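**Q** Everything below, folded, please.
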Amino acid sequence: MNKSIIIIYHYVQQPSQAPRMKGLLVSEFDEQIQLLLKNNYKIVTLGEFLGFYKRGLKDSEKYAVLTFDDGLKGHAANAIPVLKKYGVGGTFFVMTKPLQEVWMTPAHQLHFVLATSPIEEIKQALSGWLLENGGEVSSDVAEDLLERAKKFYLWDNPETAYIKYLLNMHLKEPSRSIAIRHLFDTLVGDLEGKAAQFYLNAEDLKQMRSQGMEIGSHSHSHPWLASLSVTDQEQEISLSENILEGILGEKIGLFSYPYGTSDSFSSTTIKLLKDHQYRAAVTTDQDYAANSPHIFSLNRIDTNEIGKYIK
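**A** Numbers count the residues shown, from 1 in each chain. Model prediction:
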């Protein structure tokens with residue numbers, strides 16, 4: 001069996017950076033690359049890996065692809081220096097709405113809230129908003145949501161997992177975005193100022209590309225694509241593609257599904273990607289890359305799970 005892996009990274013931070021998001025310190029990221037090299041993994045970009053994948057992976061080959069979702073400023077500042085230290089490349093999947101306006105996805109707003117506020121304050125602020133807006137959760141529903149949350153957010157404590165699941169999965173738009181923005185404004189503040197320093201800009205992308213890094217699309221505004229109409233999915237894919245290609249002057253052929261679970265995209269999404277001449281797409285379904293259903297549903301593993309897969 002082939003043991004090649006595609007790894008997902010989000011936050012890579014310096015110890016002094018605040019707020020401390022759930023992710024890796026630079027030193028921990030460095031140690032993971034050392035671990036991969038020590039275990040005879042050849043680190044390649046996703047584009048390079050596709051050639052081996054299409055050819056057929058041999059059991060004796062072990063490739064590791066390092067992918068970074070969301071297009072965060074910390075990727076350029078903290079991850080790329082480590083990649084350059086070891087002479088390897090990474091594949092960076094970028095949301096494009098932050099390249100056009102000062103904006104922050106609700107998922108990242110929630111990360112700021114969780115990283116800066118005590119859990120009791122978050123629960124109190126959320127309960128108050130739900131009460132005022134007719135979204136109270138009964139004890140039976142709350143118990144069910146908690147059990148689902150613990151299975152979905154494996155690396156969070158139960159209270160944090162519950163809040164994330166309630167907001168991300170249970171509440172529907174536009175209530176979800178409004179509730180998260182309320183928490184951000186109440187407990188964090190200055191969204192515009194923080195957003196402006198949070199995401200990569202066009203010049204960052206050009207510099208990253210000149211350093212040999214690979215750029216792919218992570219949609220325009222990070223929606224749950226399967227919930228959108230064909231027209232809206234088309235807009236998310238084409239707008240992101242056009243913006244990135246306009247900045248970089250080259251074809252964008254790789255895609256990372258927002259949220260990434262098998263139910264977050266559909267056969268329609270895949271058809272649209274193929275129509276736009278994308279070469280492959282990655283999910284958050286965890287397994288070895290060789291066990292992927294197909295090239296538009298490539299498995300990845302979370303950075304926290306590397307130890308289970310390296311052999």
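
**Q** any idea how far the nearest residue to M1 once chain neighbours are set aside is from K3?
**A** Computed as C-beta to C-beta, 6 or more residues apart in numbering, the closest residue to M1 that is not its neighbour in sequence is D59, at 6.2 Å. Using the backbone N, CA and C atoms, a C-beta is placed for each residue, glycine as well. Counting by C-beta to C-beta, to the nearest Å, the gap from D59 to K3 is 8 Å.

**Q** Among these two, which residue is more densely surrounded?
**A** More crowded of D59 and K3, by other C-beta atoms under 10 Å: K3, with 20 against 9.

**Q** Hmm, that one is touching I306, no?
**A** No: using C-beta atoms under 8 Å, K3 is not in contact with I306, being 11.7 Å away.

**Q** Check the burial of A289 by counting its neighbours.
**A** 23.

**Q** what does E143 give?
**A** 12.

**Q** name the helices or strands packed onto the helix or strand where it lies?
**A** Using DSSP states H and E, E143 falls within helix 139-152. Helix 139-152 sits against helix 158-165, with contacts defined as 3 or more C-beta pairs under 8 Å, 6 or more residues apart in numbering; DSSP states H and E.

**Q** got the contact list for whatever helix or strand comes next after the helix it packs on?
**A** Using DSSP H and E, the helix or strand that follows helix 158-165 in sequence is helix 175-187. For helix 175-187, contacts defined as C-beta atoms under 8 Å, 6 or more residues apart in numbering pick out 106, 109-110, 112-113, 116-117, 121-122, 125-126, 129-130, 133, 135, 167-168, 171, 191.

**Q** Just the buried residues of the residues you listed.
**A** Buried by 16 or more other C-beta atoms under 10 Å: 106, 109-110, 112-113, 116-117, 122, 125-126, 129-130, 135, 167-168, 171, 191, out of those.

**Q** for Y257, what are its contacts?
**A** Contacts for Y257 were tallied using C-beta under 8 Å, 6+ apart; they are 219, 225, 264-265, 269, 281-284.

**Q** 6 Å - rerun?
**A** With contact taken as C-beta atoms under 6 Å, 6 or more residues apart in numbering, Y257 is in contact with 264-265, 283.

**Q** can I see the domain layout of this structure?
**A** According to automatic domain parsing, the chain is divided into the following domains: 5-102+198-309, 106-194.

**Q** winner for burial among those?
**A** With neighbours taken as mean count of other C-beta atoms under 10 Å, the domains of the chain reach their highest mean count in domain 5-102+198-309, at a mean of 18.

**Q** hmm, back to that, take the contacts of helix 175-187 and keep only those in helices.
**A** By the criterion of DSSP state H, membership of those in helices covers 106, 109-110, 112-113, 116, 121-122, 125-126, 129-130, 191.

**Q** send the alpha carbons of stretch 29-40 over as PDB?
**A** The C-alpha coordinates for stretch 29-40 follow below in PDB (Å, rounded to 0.1, in the frame of the first residue of the first chain):
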ATOM      1  CA  PHE A  29       6.000  23.200  11.700                       C
ATOM      2  CA  ASP A  30       9.800  22.900  11.300                       C
ATOM      3  CA  GLU A  31       9.700  19.700  13.400                       C
ATOM      4  CA  GLN A  32       7.000  18.200  11.200                       C
ATOM      5  CA  ILE A  33       9.100  18.700   8.100                       C
ATOM      6  CA  GLN A  34      12.100  17.100   9.800                       C
ATOM      7  CA  LEU A  35       9.900  14.200  10.700                       C
ATOM      8  CA  LEU A  36       8.700  13.700   7.100                       C
ATOM      9  CA  LEU A  37      12.300  13.900   5.800                       C
ATOM     10  CA  LYS A  38      13.500  11.500   8.500                       C
ATOM     11  CA  ASN A  39      10.900   9.000   7.400                       C
ATOM     12  CA  ASN A  40      12.000   9.200   3.800                       C
END
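
**Q** So what touches that stretch?
**A** Outside stretch 29-40, the residues touching it (C-beta under 6 Å, 6+ apart) are 12, 62, 64, 82, 86, 310.

**Q** mind running it again at 10 Å?
**A** Contacts of stretch 29-40 from elsewhere in the structure, counted by C-beta atoms under 10 Å, 6 or more residues apart in numbering, are 3, 5, 7, 9, 11-13, 23-25, 41-43, 60-64, 66, 78-79, 81-83, 85-86, 88, 303, 306-307, 310-311.
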